[in-house]
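*Asks:* here you go, sequence then predicted model.
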Amino acid sequence: MTLIPNSETDAAYIIRNAAGDGKKLALCGGNTRAGFGNSVEPAEMVSSTGLSGIVDYEPAEMVMTVRAGTPVAEIEAALAANRQMMAFEPMDHRGVMGTLGEPTIGGVFAANVSGPRRFVSGAARDSLLGIRFINGRGEAIRAGGRVMKNVTGLDLVKLLAGSQGTLGFLTEVTFRVLPVPQTVETIVISGLDDTAAAKAMAAAMALPVEVSGAAHLPQTVRFRFLGGALPSGEATVLRLEGLVASVSVRAEKLAAVMEAFGPVSRLGSEESQTLWRQIRDVYPYSDGTLKPVWRVSVAPSAGHQLVAALRLQTGVDAFYDWQGGLVWMRMEADPEADLLRRYIRALGGGHATLLRASDAVRAQTSAFEPLPDAVAALSARVKQKLDPAGIFCPGKMGYASPTAGGIL
Amino acid sequence: MADTISFLKPRDAVLSRRAAIIADLTELLPPECLVHEARELVPFETDAFVSYRRLPLAVALPKTTAQVAAVMKYCHRYGIPVVPRGAGTSLSGGAIPQEDAVVLGLSKMSRILEVDYANRTATVQAGVTNLNISEAVGVDGFFYAPDPSSQLACTIGGNIGMNSGGAHCLKYGVTTNNLLGVKMVLVDGTVIELGGKHLDAAGYDLLGLVCGSEGQLGIVTEAVVRLIAKPEGARPVLFGFDTSEHAGACVADIIGSGIIPVAIEFMDKPAIEICEAFAHAGYPLDVEALLIVEVEGSEAEMEAMLKAIVEIAGRHGVKTVRESQSATEAALIWKGRKSAFGATGRIADYICMDGTVPLGKLSYVLNKTSEIVDRFGLRVANVFHAGDGNMHPLILFNANDPEDAARAEEAGNEILKLCVDAGGCLTGEHGVGIEKRDLMRHQYSEADLNQQMAVRYAFDEGWILNPSKVFPLDGRPAA
């Protein structure tokens, strides 16, 4: 059964009672990201979908306040009517996760969901200015505010963003929005292998042309984008956005430099928008299967090295976003978590999140990168301060070190 | 010296062991890394919030993370307060010590450890100055974006402590948006690393929590920061308006139009006069408010944006428009603004407020600010980052007159409350420190503050890290 409080007061009441009874709660929005994190013991669901609607939107201030259960689609429509957008491009997980329902803004921030622009414009957490949430004692807490610069007290906003519903129940979020760029263009360099693509993307990012998307789509996935309309061979794609006058000048400059790497073609505004949405939503692995999908974050220059090392050992398909720093991987069979995580450490560090897998695989694999003992212990203490009774999805984020006690 | 703001009572158990503590620290640190003679402690008794000062027990100036860890472990064991310090440029008293505290200064850890252009990162020690990073990578076409006014002196460790901003954060964000990782010493001497060259570290966003925590959660000794390719060019335009309402409406309209300039700076008439007298920047003296709007990019891009911005200003009755035709002219436009604090300091003592308000409330808050300051019989000059609503009223007073100083402090407090009541916050980029500590209840409920303090306990159960700061001294929950 799912509890759907219709007010912050109701939510606080439910949580206070659960804390008193030691009853576990699984917090969610539209539940389109069900399957995130470790599988935990069944708990009563509390959904924010009853807390819906835009509270305050001042386009001239580029700030929006909404209740946590507001559908992302409703927010995007309201923003689009004012030619504004969420700069962090929240991904829609329904395709790759095979879920139904309506993604909510609370879910976006609770999972810190971002898209291709993240590596230059910041993650969801960077746009989040303020929150209201119910902590594990059932108290309504406000953190942050509605202004862009704010260093008043500890930044609990960042802490709650990406905490996967294990620290508090978000009831309201205030975030920064940005104008929609006048136009978008994509430079496509064809035929580069992974190593050459990494070099090309690094060169592009060193130019003063403000690339706002840098992805590499190897041969195995290239045909899945734009209905197969990308030029043949691997596609390394670079996005430029802004004023029409400026984008055309920057595109010329970028294309001139990229021609040294390989044949260059260009995509206009409409195709670009489709392409980057498909990259954002991991279109090639939205395949209706339960083959394990990893989301790996490493230093941009390490992405292709990681994949090359893995390929010698196991069946893996991959493509790259964030200049190579975000690697989407679909494993042929076994998730190979230990191997993957060993290589990540060897290549300078990062983290791998098991996004999708069968229940059997999930039961045996830590969904999030295991933390070093000292950090795990600290995280467990932080969790204990927000959720002293340990009722919010204990275990979802991972187990703390035995010495620290407590479960994230 | 002002005395409205109190510090925690020094711990007798620490004061009485002073000689023993210094002897122990001598064992932990090389001789040149420890300061304890009363005369030598004086430079560490305050920061840029000079109305308050306290001599610390000793100052440790470690050269390595291991030394920082050794000092922390020792102080933790004996319950000795530790006050972290970068360059001591805090405007909110964040680095002011107390009599029973060891100051942990990071100034000797000032090396850039690695610059990695392929990944656009710099790994630096915490005592590196903000400007040093941009200077080190500038020849290769990169820069580090946050640029607080004190960037010549302030350290990256201090920037992380206060989540510092600057004039250009409208486009590039503040420290927290440009920080990828830290090496940090926890209160018990444990060394941890958060983040790295990759994005969005695993687990809870402890990095985001540490940034802006004012030295209460641990000692950052190294940082990985994001580098950005330098834009081809930057060009400011200067506008003069008859009223601050017109200037404020112009700011809102520029932002609303879809153009994001890299900076929008505001100065009112008193600020214009002070800066012009000092810098001879050619600012118009017949206007009530002045905006400096800067755009970046290629020639074509800058031209297109400036054209649109000048058009918008025209709709708001702009009286003076000065576009810079050369680098010299651009530098001159900025010269006045950048010398604002120094120029003000020449004519009077001042305290600088740092409240942030929603853009739509700029004119309202400016008018109310004048009313408040008038009521206290003081003068105010306003110079601030208008694009993000971060106000910096400079309240002028005479520090030699204790009553005048008390009035300035009181007026400042009223202005900050005004900012909160207008939907803003107490501090946008300077931090709470001691200065705004006792106003925290105006912005937060008891439950909000208790939750923050509970999280603080998770890092520092004995409350020894920068203990007199940020949270009101009364009503702190027991561990």
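*Replies:* The structure has been received and is ready for your questions. Values in this document were obtained by computation on a predicted structure and should not be read as measured data.
*Asks:* ok, A:N31 touching A:G69?
*Replies:* No: the criterion here is CB atoms under 8 Å, and A:N31 misses it with A:G69 at 11.1 Å. The way it works is simple: take the backbone N, C-alpha and C, and place the C-beta from them, glycine included.
*Asks:* higher neighbour count, those two?
*Replies:* A:G69 (26 against 19; other CB atoms under 10 Å in any protein chain shown).
*Asks:* pLDDT of stretch A:30-37, averaged?
*Replies:* For stretch A:30-37, the mean pLDDT works out to 91.
*Asks:* err, stretch B:205-216, not the other one
*Replies:* Rounded mean pLDDT across stretch B:205-216 is 98.
*Asks:* quick one: it near chain A?
*Replies:* Yes: counting by CB under 8 Å from any CB of the partner chain, chain A has neighbours in stretch B:205-216: B:205-209, B:211-213, B:216.
*Asks:* compute the first-to-last residue distance for that stretch.
*Replies:* 16 Å (CA to CA, to the nearest Å).
*Asks:* overlap in contacts, A:N31 and A:G69.
*Replies:* A:S47 (CB atoms under 8 Å, 6 or more residues apart in numbering or on different chains).
*Asks:* did I read that right, B:M305 in a helix?
*Replies:* Yes: counting by DSSP: H, G, I helix; E, B strand; the rest coil, B:M305 falls inside a helix.
*Asks:* element containing the residue nearest to it when sequence neighbours are not counted, please.
*Replies:* In space, not counting the residues next to it along the chain, B:M305 is nearest to B:V295; the distance is 4.3 Å by CB to CB, 6 or more residues apart in numbering or on different chains. Element membership of B:V295, judged by DSSP states H and E, is strand B:289-297.
*Asks:* helices of the stretch 251-400 of chain B, start to end?
*Replies:* For the stretch 251-400 of chain B, applying DSSP state H, counting those that start in this stretch gives helices covering B:269-279, B:299-315, B:327-338, B:340-347, B:362-375.
*Asks:* name the helices or strands packed onto the third one?
*Replies:* Contact partners of helix B:327-338 among helices and strands, from 3 or more CB pairs under 8 Å, 6 or more residues apart in numbering or on different chains; DSSP states H and E: strand B:233-241, strand B:263-268, helix B:269-279, strand B:289-297.
*Asks:* what average pLDDT does it get?
*Replies:* On average, helix B:327-338 scores 89.
*Asks:* got the contact list for it?
*Replies:* Contacts to helix B:327-338, defined as CB under 8 Å, 6+ apart, come from residues B:149, B:167, B:234-238, B:265, B:267, B:272, B:275-276, B:278-279, B:281-283, B:292, B:322, B:324, B:383.
*Asks:* what does the fourth one give?
*Replies:* Around helix B:340-347, the neighbours that count as contacts under CB under 8 Å, 6+ apart are B:149, B:267, B:271, B:274-275, B:277-279, B:350, B:352, B:381, B:383, B:394, B:396.
*Asks:* from those, which would you call buried?
*Replies:* For those, a burial check counting by 16 or more other CB atoms under 10 Å in any protein chain shown picks out B:149, B:267, B:271, B:274-275, B:278-279, B:350, B:352, B:381, B:383, B:394, B:396.
*Asks:* need those in JSON lines (columns: distance to A:L27 and pLDDT).
*Replies:* JSON lines is the format used below for these (distance: CB to CB, whole Å; pLDDT from 0 to 100):
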{"residue": "B:S149", "distance to A:L27": "42", "pLDDT": "85"}
{"residue": "B:M267", "distance to A:L27": "47", "pLDDT": "95"}
{"residue": "B:A271", "distance to A:L27": "49", "pLDDT": "94"}
{"residue": "B:I274", "distance to A:L27": "53", "pLDDT": "94"}
{"residue": "B:C275", "distance to A:L27": "52", "pLDDT": "93"}
{"residue": "B:F278", "distance to A:L27": "56", "pLDDT": "92"}
{"residue": "B:A279", "distance to A:L27": "55", "pLDDT": "90"}
{"residue": "B:Y350", "distance to A:L27": "48", "pLDDT": "92"}
{"residue": "B:C352", "distance to A:L27": "42", "pLDDT": "92"}
{"residue": "B:A381", "distance to A:L27": "49", "pLDDT": "95"}
{"residue": "B:V383", "distance to A:L27": "45", "pLDDT": "90"}
{"residue": "B:L394", "distance to A:L27": "46", "pLDDT": "95"}
{"residue": "B:L396", "distance to A:L27": "51", "pLDDT": "95"}
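*Asks:* related to what we said a few turns ago, how near is the residue nearest to B:M305 to A:N17?
*Replies:* Going from B:V295 to A:N17 by CB to CB, to the nearest Å gives 55 Å.
*Asks:* who has more neighbours, these two?
*Replies:* Taking other CB under 10 Å, B:V295 and A:N17 do not tie; B:V295 has more neighbours (24 against 11).
*Asks:* check contacts around the more buried one.
*Replies:* B:234-235, B:237, B:259, B:261-262, B:301-302, B:305-306, B:309.
*Asks:* same thing with B:I395?
*Replies:* Contacts of B:I395 by CB under 8 Å, 6+ apart are B:350-351, B:353, B:373, B:378-380, B:408, B:411-412, B:415.
*Asks:* next one: A:E241
*Replies:* Here A:E241 is in contact with A:181, A:183-185, A:210, A:212, A:247 (criterion: CB under 8 Å, 6+ apart).
*Asks:* same thing with B:H385?
*Replies:* If you count contacts by CB under 8 Å, 6+ apart, B:H385 has them with A:149, B:165, B:167, B:169-170, B:263-266, B:392, B:428.
*Asks:* ditto for B:A281
*Replies:* Contacts of B:A281 by CB under 8 Å, 6+ apart are B:275, B:332-333, B:335-336.
*Asks:* domain ranges for chain B?
*Replies:* B:12-105, B:112-229, B:233-340, B:348-437 (automatic domain parsing).
*Asks:* now render these as TSV, adding distance to B:S468.
*Replies:* Listed next are these as TSV, based on distance: least, CB to CB, whole Å:
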stretch	distance to B:S468
domain B:12-105	6
domain B:112-229	10
domain B:233-340	30
domain B:348-437	6
